[in-house]
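[1] Here's a sequence, model it:
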Amino acid sequence: MKAGEYEVPEGLYYTREHEWAKVLPDGTVLMGITDYAQKKLHEIVNIELPEVGAEVSQMEAFASVDSVKATSEIYAPVSGTVVEVNEELLDRPELLNQDPYGEGWIAKIKPRSREGLEEELRALMTAEQYANYIRGLEG
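    Okay, here's the model as predicted:
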């Protein structure tokens, strides 16, 4: 799906702070920043990844990116334990710009519980809701 010049893939969940989340078959949640976020940040030059093993709460800042324009916080789309981070980004932060929904993923989070995850996902936006949200921001 497109929202203006921005890609908004179906089947993901989105935050108002422009993170995406995808529930993987093993129940972990893969997350990153959206196409809208990376375009607004412009050229990303550095990322501070969360620690593996860190406990995070939904919408808590747990990482940050530096671009030529600014430093921006990255928020956890769900609560749980960080089980993996994309260390490739430390050497190639430009992957966040080039492929935000693929090679530019940031972290995998193991939710605290299935029930808790389902409740938190209801607080996030669908692709259609997020596309409408960013259309409103561009208004």
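[2] hey, let's count contacts and neighbours off CA atoms from now on
    Fine.
[3] Neighbours of A54, how many?
    12 (other C-alpha atoms under 10 Å).
[4] separation between it and P25?
    If you measure A54 against P25 using C-alpha to C-alpha, to the nearest Å, the figure is 22 Å.
[5] before we move on, what about K108?
    According to C-alpha to C-alpha, K108 and P25 sit 12 Å apart.
[6] Would you double-check that V45 falls in a strand?
    Yes: counting by DSSP: H, G, I helix; E, B strand; the rest coil, V45 is part of a strand.
[7] Now for it: which residues touch it?
    65-68, 93-94 (C-alpha atoms under 8 Å, 6 or more residues apart in numbering).
[8] again with S67
    41-46.
[9] Kindly recompute the last result at 10 Å.
    Counting by C-alpha atoms under 10 Å, 6 or more residues apart in numbering, S67 touches 38, 40-47, 93-94.
[10] quick one: which of these has the most company?
    I47 (24 neighbours).
[11] sec struct for the closest residue in space to that residue that isn't next to it in sequence, please.
    Leaving aside its sequence neighbours, I47 sits nearest to V65 (C-alpha to C-alpha, 6 or more residues apart in numbering; 4.3 Å). Following three-state DSSP, we place V65 in the strand state.
[12] isn't A61 right up against E55?
    No: applying C-alpha atoms under 10 Å as the test, A61 and E55 come out as separate, 11.5 Å apart.
[13] before we move on, back to that, how near is the residue nearest to I47 to G32?
    According to C-alpha to C-alpha, V65 and G32 sit 11 Å apart.
[14] The two: which is more packed in?
    Per other C-alpha under 10 Å, whichever of V65 and G32 has more neighbours is G32, with 27 against 20.
[15] Helix or strand: which one has that one?
    Taking DSSP states H and E as the criterion, G32 maps to strand 29-33.
[16] before we move on, what about N97?
    Element membership of N97 [criterion: DSSP H and E] is helix 95-98.
[17] Next, the contact list for Y6, please.
    Applying C-alpha under 10 Å, 6+ apart to Y6 gives the contacts 34-39, 131, 134-135.
[18] got the phi/psi numbers for it?
    Here is the backbone geometry of Y6 (degrees, to the nearest 10): phi -100, psi 140.
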